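[1] after the sequence you'll find the predicted model.
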Amino acid sequence: MGFVVIVAILSSFLLTPLAMRAAWRCGAVSRPDGFRKKHARPTPEWGGLAVNTAILIGTGLSVVLCPADLPARPLAAALAISISMLSVLGCYDDLCDMRADLKLLGQVLSAVPLILAGCYAERLILFGQTIELGWLGIPWTIGWIVLGINALNLIDGMDGLASTAGIIMALAVAAIAAITGHQHAMLIALVLAGALGGFLAHNLPPARIYLGDC
């Protein structure tokens, strides 16, 4: 497990400069606006492309090294498809500023592979009371994923903020997964934290690159 996380960290760290050069060349650059984008100078985006690639490498490696962990296979495959869809959507949005409704549709569609793999909420437990969601678990999960995507995206305007918040959230999810016995979910969360950690080295003030919508 530790080896997989280290690979994710190194992959993200080494791929980020490549993403930086690609962003400059293609014009995926965040320019200060004095409102949400408070950085001092134009900064390339597409750091998320390096992070997403590192996640794919880490989760793929975990499946290869742990072939007996069958629950991880459909989750890893669905995650790879969803991440790839979001990467393409985000890269395009960083370049062209997509309409909000089209971007929202793309985000919803990117959650579908996870739903098809059976990764959706079946019940809620609130204050000791269990609420069976039934088929409502599907729109609930899609809404939760889309909300998470946009909530994190909105804070990607200050050096190190979004990546640090992402690391904290990923480690929290990993801890919850470990406590509840979901080892494959814990590993994916740790891979995410590692990928963000490798990127953070380039994102600390003064940031040389941002995650961007990707």
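    That came through fine. Numbering: from 1, shown residues only.
[2] check what pLDDT the closest residue to Ala77 other than its chain neighbours gets.
    Distance criterion C-beta to C-beta, 6 or more residues apart in numbering; nearest residue to Ala77, sequence neighbours excluded, is Ala117 at 7.0 Å. (Glycine included, C-beta is placed from N, CA and C.) With respect to pLDDT, Ala117 scores 89.
[3] ranges for the helices of the protein?
    Assignment of helices within the chain using DSSP state H yields the ranges 2-26, 47-65, 72-96, 100-116, 137-153, 161-179, 183-203.
[4] just the angle between the second one and helix 183-203, please?
    If I follow you right, that is helix 47-65. Relative orientation of helix 47-65 versus helix 183-203 (axes from the mean of the first three to the mean of the last three C-alpha atoms, to 10 degrees): 150 degrees.
[5] so where's this structure uncertain?
    Scanning the chain for pLDDT under 70 picks out 32-40, 66-72, 157.
[6] as TSV, the helices of the chain with distance to Ile209 and mean neighbour count would be great.
    Listed next are the helices of the chain as TSV, based on distance: least, C-beta to C-beta, whole Å; neighbours: other C-beta atoms under 10 Å:
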stretch	distance to Ile209	mean neighbour count
helix 2-26	5	18
helix 47-65	4	22
helix 72-96	12	19
helix 100-116	21	16
helix 137-153	16	15
helix 161-179	10	17
helix 183-203	5	23
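[7] to Leu211, which of those lies closest?
    Of all those, helix 47-65 sits nearest to Leu211, with 4.3 Å by C-beta to C-beta.
[8] distance between the closest one and the chain's centre?
    11 Å (C-alpha atoms, centre = their mean, to the nearest Å).
[9] other SSEs contacting that helix?
    helix 2-26, helix 72-96, helix 183-203 (3 or more C-beta pairs under 8 Å, 6 or more residues apart in numbering; DSSP states H and E).
[10] closest to Arg123 out of those?
    Shortest distance between Arg123 and the helices and strands packed on helix 47-65, using C-beta to C-beta, is found for helix 183-203: 16.6 Å.
[11] now the closest one against helix 2-26, angle please.
    Orientation check (the same axes, to 10 degrees): helix 183-203 against helix 2-26 gives 40 degrees.
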